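Undergrad: sequence-free structure coming up:
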């Protein structure tokens, strides 16, 4: 059997139709979109067509979509520029956000840009405490709130429409990291009440190195990257044209196929969850796993304490299975998962995140369960 890829929350394989779309642009269109000659204008048209496609899928206007290098840049721009635009001194987030959010807010605190950083309470499954969020907003001056839609490590979903309503009630600026859910759930920005949402194309079978930031038309921010008038003076630098076209194609396909893929992938997740539960003793799951509370592409498994627990992921890799021990952005680091720490998970129990896509099969999952059983049985202390 070929290698089994179950790390789709880190990145997804490029869809062949996306590749074809990008190759066509690479071969036929080479003008600089900022140039006023014919070749430049036709490339500018490609970018604006992609922007219109993205905006239409989100029920946004094209003027609210700004292309970036990915989710991290989009998050940074939203946080840094959003806080600066309104001279906000108090920010609210959680201790299980992606580092693109948590590290950025901590840096702004250290630099004195904000005076106070509050962390909303989360329970043992990663659910935020909406009452505590409201309390933090009520007891502080105007705030900047950054809370993600779905946790990238444990998959727990946040009711972001509810968060939006709460933020609106207290005149807060609301940024939602939607990297893991863009293309997997429909986002209607007219209902969401978020000032910022973000995308990284490589999470939805698009190319790496490109994403976008949605900025609600009601607010105005300054660019984080200066040096050019690109993206309507919002982001300096020549646009990644092939990536932008690939992003729009990937998102368009994701929306067209979303319902079928959600059913199929949820069935895979449930199948693996049930099979592991029945065949591996002393096993449970980090985060929510119910379909209405959990991202259907992610399953985080907590295994029993074992000898050489740090080798579990390595042994799976040797067996031909690619998965993750947490956030891929921490791979190679000796620091444990801040998300698992944030939900007070047992540090003695090794955890693995399996994340799925439309390309996975039940046969692959059967192989994975067999390998997991074999590795666990050889290493668990009796």
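TA: All right, it came through fine. In this text, all values refer to a predicted model and were calculated from it rather than measured experimentally.

Undergrad: can you map out the strands along the stretch 1-150 of the chain?
TA: For the stretch 1-150 of the chain, the strands defined by DSSP state E, counting those that start in this stretch cover 4-5, 65-68, 90-93, 116-119, 143-146.

Undergrad: for residue 32, which of these is the nearest?
TA: With Cβ to Cβ as the measure, strand 65-68 is the member of the strands of the stretch 1-150 of the chain nearest residue 32 (15.2 Å). Where C-beta positions appear, they are placed from N, C-alpha and C, glycine not excepted.

Undergrad: which strands or helices does the closest one pack on?
TA: helix 38-58, helix 71-85, strand 211-215, helix 230-233 (3 or more Cβ pairs under 8 Å, 6 or more residues apart in numbering; DSSP states H and E).

Undergrad: do you know which of the strands of the stretch 1-150 of the chain lies nearest residue 285?
TA: strand 4-5 (19.7 Å).

Undergrad: hang on, the earlier thing: out of the helices and strands packed on strand 65-68, which one sits most buried?
TA: Sort those by mean neighbour count, taking mean count of other Cβ atoms under 10 Å, and strand 211-215 sits at the top with a mean of 27.

Undergrad: pLDDT of it, averaged?
TA: Averaged across strand 211-215, pLDDT comes to 98.

Undergrad: mind checking what secondary structure residue 353 has?
TA: strand (DSSP: H, G, I helix; E, B strand; the rest coil).

Undergrad: show me the domain layout of the chain.
TA: 4-12+257-377, 16-253 (automatic domain parsing).

Undergrad: quick one: terminal-to-terminal distance for the shortest one?
TA: Right, the one you point to is domain 4-12+257-377. End-to-end distance for domain 4-12+257-377: 21 Å, by Cα to Cα, to the nearest Å.

Undergrad: wait, which of the strands of the stretch 1-150 of the chain is closest to residue 366?
TA: Once those are compared by Cβ to Cβ, strand 4-5 is nearest, at 10.3 Å.

Undergrad: ok, the closest one: who's next to it in the sheet?
TA: Here strand 4-5 is paired, per DSSP bridges, with strand 321-322 (parallel).

Undergrad: who's in contact with residue 175?
TA: By Cβ atoms under 8 Å, 6 or more residues apart in numbering, the residues touching residue 175 are 75, 78-79, 82, 101, 144-146, 194-197.

Undergrad: list the neighbouring strands of the helix or strand hosting it plus their orientation.
TA: If you go by DSSP states H and E, residue 175 is part of strand 173-176. Strand pairing for strand 173-176, using DSSP bridges, gives strand 143-146 (parallel), strand 196-200 (parallel).
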